[in-house]
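> The sequence isn't on hand, but the structure is:
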Ligand code: ASP
């Protein structure tokens with residue numbers, strides 16, 4: 001017995017007259033006065049089965065019992081459909097299988113939702129993920145992801161990178177999120193941490209002489225979940241010895257070009273443009289600019305130093321964005337709300353009407369020179385932020401993104417890739433009163449800052465880069481510190497005492513002291529990449545078995561309770577039993 005001679009998406013005119021066997025799921029059944037039609041579906045597509053009770057009475061008897069999502073095996077002759085029943089929307093729409101024998105291979109209980117139903121509650125979809133995954137969109141997303149990972153592997157291997165697997169049970173790795181900790185039965189009272197990334201381990205593969213490493217690695221970060229965050233992130237993780245930035249960027253660009261070409265049939269332009277962090281921040285108010293549209297930020301700090309308008313005169317930075325439209329009060333109120341969400345106290349604006357007349361509560365405080373500076377074409381609106389510099393970036397960056405979408409300035413068909421480099425090395429954690437690493441503590445300073453980063457940490461630059469597409473960060477990396485003294489100096493600056501350095505990173509410092517080659521690398525998010533590639537806004541829909549926004553898997557119920565016996569073995573006492 002054969003299950004199938006063809007996949008359900010394959011039958012076309014050329015096969016008419018042939019005897020075929022197909023197996024798959026009943027996507028739809030219709031009874032038409034005697035004739036029964038069943039859409040039989042598998043991963044490749046759908047073929048229409050016709051069952052004629054006169055030609056195949058036994059099959060017809062069984063066909064009456066068929067419900068959606070039963071698994072069937074059908075044998076028959078492929079026939080051409082009559083002209084009026086041809087379905088031009090289906091690749092198999094010109095033919096149908098005239099069934100001679102039908103087998104009900106598996107039945108299905110009534111479905112919690114229909115596969116073609118729109119807007120099914122996501123929890124229900126996740127609870128019955130095996131059904132949800134049968135939908136066309138999810139099949140497409142998951143297969144696209146596999147195709148992409150295949151290309152990644154081929155490109156990385158062609159460039160001489162070796163796939164090395166690193167452990168899941170490890171020690172805390174500093175990527176700035178909370179760790180997932182795992183108790184140990186053999187070592188009661190001690191815990192593994194799931195890696196937030198294989199950062200230290202991949203550096204050790206360089207010290208170990210592997211020269212070029214890559215891995216499709218899962219990284220665990222116990223973060224508060226937002227729409228675009230999950231706890232298990234998959235990354236393409238890369239590291240190379242004696243690093244050459246041009247080579248590394250070129251490998252990545254070639255890989256992306258091939259992914260876009262083979263998965264989407266789109267030629268993307270390489271090399272990707274580059275921009276420093278300072279430029280991205282000044283022009284777009286963000287380190288991940290969407291360069292598919294303009295609306296760039298402008299700086300009026302110098303011009304407003306002696307302003308009559310106290311809010312401007314007293315602010316560390318006064319910046320603005322010129323919108324090519326006469327916005328209404330309603331629009332402005334909405335924008336003000338967004339500005340406030342991003343930390344602004346209010347939103348100052350100037351609206352120039354068709355005649356170029358200005359309308360604004362603040363116009364009377366501004367001098368002629370100031371007004372002249374901000375005046376653009378008639379019918380424009382100028383939106384301001386006056387605050388500390390980073391706050392103005394945050395607010396105007398958010399307004400710019402919102403307006404880009406709202407005003408339809410974005411060409412959804414294009415992909416603009418961009419490298420952003422020369423990131424600051426440190427940022428101030430005001431609450432903790434100390435410096436933290438912007439990338440991670442193993443990132444090396446740029447050559448200019450190598451000897452002086454500790455004298456002026458605020459301005460020190462790191463040899464770090466991010467890759468952006470359409471305003472999404474695909475990932476980032478850096479050149480690393482391979483000198484143990486330099487590493488210790490960075491740890492010092494981050495407030496890690498000598499003893500803490502030994503406890504946490506002693507093994508790394510020891511390794512760096514035993515002939516470490518210069519090295520550097522990058523990590524790129526596979527989930528995010530798939531989202532962009534598939535045009536899929538929901539991160540969970542590019543992951544086969546995701547958890548929900550509370551970190552719960554509605555399908556298996558994980559995380560779940562463990563028995564008292566397991567807790568005893570681990571030496572763990574719960575303060576409270578879960579509700
Ligand atoms: N380990 C870093 C991350 O996961 C990437 C890198 O520096 O290569 O973000």
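Right, received. Where do you want to start? Small disclaimer: the values here were computed from a predicted structure and weren't measured.
> which residues touch the longest helix along the chain?
Ranked by number of residues, the top helix in the chain under DSSP state H is helix 136-158. Here helix 136-158 makes contact (C-beta atoms under 8 Å, 6 or more residues apart in numbering) with 43, 132-133, 163, 214, 216, 236, 238, 251, 254-255, 258-259, 262-263, 526, 529-530, 533-534, 536, 541-542, 544. Every residue, glycine included, has its C-beta placed from N, CA and C.
> Please, which helix or strand holds residue 105?
Here residue 105 sits within strand 95-106, counting by DSSP states H and E.
> Please apply the same query to residue 401.
Per DSSP H and E: helix 389-406 holds residue 401.
> Which other helices and strands does that helix contact?
Applying 3 or more C-beta pairs under 8 Å, 6 or more residues apart in numbering; DSSP states H and E, we find helix 389-406 packed against helix 277-284, strand 297-299, strand 317-323, helix 329-341, strand 380-387.
> any idea of the mean pLDDT for the third one?
Within the predicted structure, the mean pLDDT of strand 317-323 is 96.
> gap between residue 527 and residue 355?
51 Å (C-beta to C-beta, to the nearest Å).
> Count the neighbours of residue 28 for me.
Using other C-beta atoms under 10 Å, residue 28 has 16 other residues around it.
> helix/strand/coil for the nearest residue to it once chain neighbours are set aside?
Spatial nearest neighbour of residue 28, excluding adjacent residues (C-beta to C-beta, 6 or more residues apart in numbering): residue 39 at 4.4 Å. Here residue 39 is recorded as strand under DSSP: H, G, I helix; E, B strand; the rest coil.
> and residue 39, how far is that from the ligand?
Separation of residue 39 from the ligand (C-beta to the nearest ligand atom, to the nearest Å) stands at 45 Å.
> Beta-bridge partners for that residue, please?
residue 28, residue 48 (DSSP bridges).
> For this structure, what lies in contact range of the ligand?
175, 197, 199, 477-478, 521-523 (C-beta under 6 Å from any ligand atom).
> what comes up buried for the longest helix of the chain?
138, 141-142, 144-145, 148-149, 151-152, 155-156 (16 or more other C-beta atoms under 10 Å).
> Looking at those, which is nearest residue 413?
residue 144 (17.6 Å; C-beta to C-beta).
> pLDDT at that closest one, what is it?
So residue 144 comes in at 97 (pLDDT).
> how much space is there between it and residue 121?
Residue 144 is 25 Å from residue 121, by C-beta to C-beta.
> And for residue 412?
28 Å.
> closest point of the stretch 101-250 of the chain to the ligand, which residue?
residue 197 (3.4 Å; C-beta to the nearest ligand atom).
> on that earlier part again, report the distance from the longest helix of the chain to the chain centre.
In this view, helix 136-158 has its centroid 15 Å away from the chain centroid, taken as C-alpha atoms, centre = their mean, to the nearest Å.
> for stretch 301-312, same thing?
41 Å.
> Outside of it itself, list whatever touches it.
300, 313, 315-319, 348, 362, 365-367, 369-370, 373, 384, 386.
> what does stretch 286-294 give?
273, 275, 277, 280-281, 283-284, 393, 397, 401, 404, 409-411, 414, 416, 418, 420, 423, 466, 468, 470-473.
> what does stretch 405-419 give?
Taking C-beta under 8 Å, 6+ apart as the rule, stretch 405-419 contacts 249, 253, 256, 260, 266, 268, 272-275, 289-295, 323, 325, 403-404, 465-470, 532.
> just the buried members of those?
249, 253, 256, 260, 268, 272, 275, 289-293, 295, 323, 403-404, 465-470, 532.
> So which of those belong to helices?
Per DSSP H, those map to helices at 249, 253, 256, 403-404, 532.
> Just give me the closest of those residues to the ligand.
Nearest to the ligand among those, with distances taken as C-beta to the nearest ligand atom, is residue 249, at 13.7 Å.
> tell me the contacts of that closest one?
271-272, 419, 465.
> The same query, at a cut-off of 6 Å, please.
Contact analysis of residue 249 by C-beta atoms under 6 Å, 6 or more residues apart in numbering lists nothing.
> So residue 540, which state does it fall into?
Going by three-state DSSP: residue 540 is helix.
> list the contacts for it?
residue 546.
> try residue 526
Contacts of residue 526 (C-beta under 6 Å, 6+ apart): residue 234.
> quick one: what helix or strand has the closest residue to residue 93 other than its chain neighbours in it?
Sequence neighbours aside, residue 87 is the residue nearest to residue 93 in space, at 3.4 Å (criterion: C-beta to C-beta, 6+ apart). Taking DSSP H and E as the definition, residue 87 sits outside all helices and strands.
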